[in-house]
Structure formats: C-alpha cells, structure tokens
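> only geometry, no sequence info:
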C-alpha cells in the first residue's frame, strides 16, 4: 500500500491511496493516514481510484478518521473508488456516513 499526500487549493488535503487496503496495506499506512487527518476544521479528500481491494480491516480506518475529522468541525469525502471497492463501501453502509464523488472538482466544491 502506498500513500501520497498533497495539499490543494484553500488548504484542502488530498490523500491518494494505491494498492490493497487489506490487513498489511492498512497497517502500513494507518499512522501516516491518521496524522494527515489530524487538526481542526480539516477538509479531506481520500482518492481510492488506485485501491484494488478493500477489506474489513481497511473500512474502520476510513470510517473512524471520517468521524474524527467531522467531530472536529471538518469534512471528509472519498473520491473515485473502483467498482469493486465502491460495492464494498455500499454493502457495509459507508456511503451513508462518507460522501463519495467520482469527480475531483465536485469533491473540492463539496468541501468549500
């Protein structure tokens, strides 16, 4: 699992995950992921377009950080999950908690 971090316009944070968000992948990026989600009024986009697999270990990392960000006055969205990953997110109800966008400009607009 690989994690790339960039900051977009107006301080919006973008994390791009690549690989498998299974037990090994999640554990390899979780500390970095949490650190990038820290702070107040954080606006996060998590790009899942290069995540080929999402397990039951990866889901809590996304949900727990989304809840932490929103509890501190921030916003957290997911971007472009592959079809198989999107199906898992839908099946377990993550889409009820975390908005998902298929377009970066729409995701950015939702955070402003």
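Cool, the structure landed. Note that the structure is predicted; figures quoted are calculated from it, not measured.
> what's the average pLDDT for the helix or strand residue 105 falls within?
Assessed by DSSP states H and E, residue 105 sits inside helix 104-111. The predicted model assigns helix 104-111 a mean pLDDT of 96.
> what does stretch 42-52 give?
pLDDT averaged over stretch 42-52 gives 98.
> Check the offset of that stretch from the chain's centre.
Centre-to-centre, stretch 42-52 and its host chain are 4 Å apart (Cα atoms, centre = their mean, to the nearest Å).
> do stretch 30-50 as well
With Cα atoms, centre = their mean as the basis, stretch 30-50 stands 6 Å off its chain's centre.
> Settle this for me: residue 72 is touching residue 37, isn't it.
No. Applying Cβ atoms under 8 Å, one finds residue 72 not in contact with residue 37, separated by 9.3 Å. Placement of C-beta: from N, CA and C, glycine included.
> Looking at these two, which is more packed in?
Under the neighbour definition other Cβ atoms under 10 Å, residue 72 and residue 37 were set side by side, and residue 37 has more, 21 against 13.
> Skipping its backbone neighbours, what lies nearest that one in space?
The spatially closest residue to residue 37, leaving aside those adjacent along the chain, is residue 65, at 4.5 Å (Cβ to Cβ, 6 or more residues apart in numbering).
> Many thanks, I have nothing further to ask.
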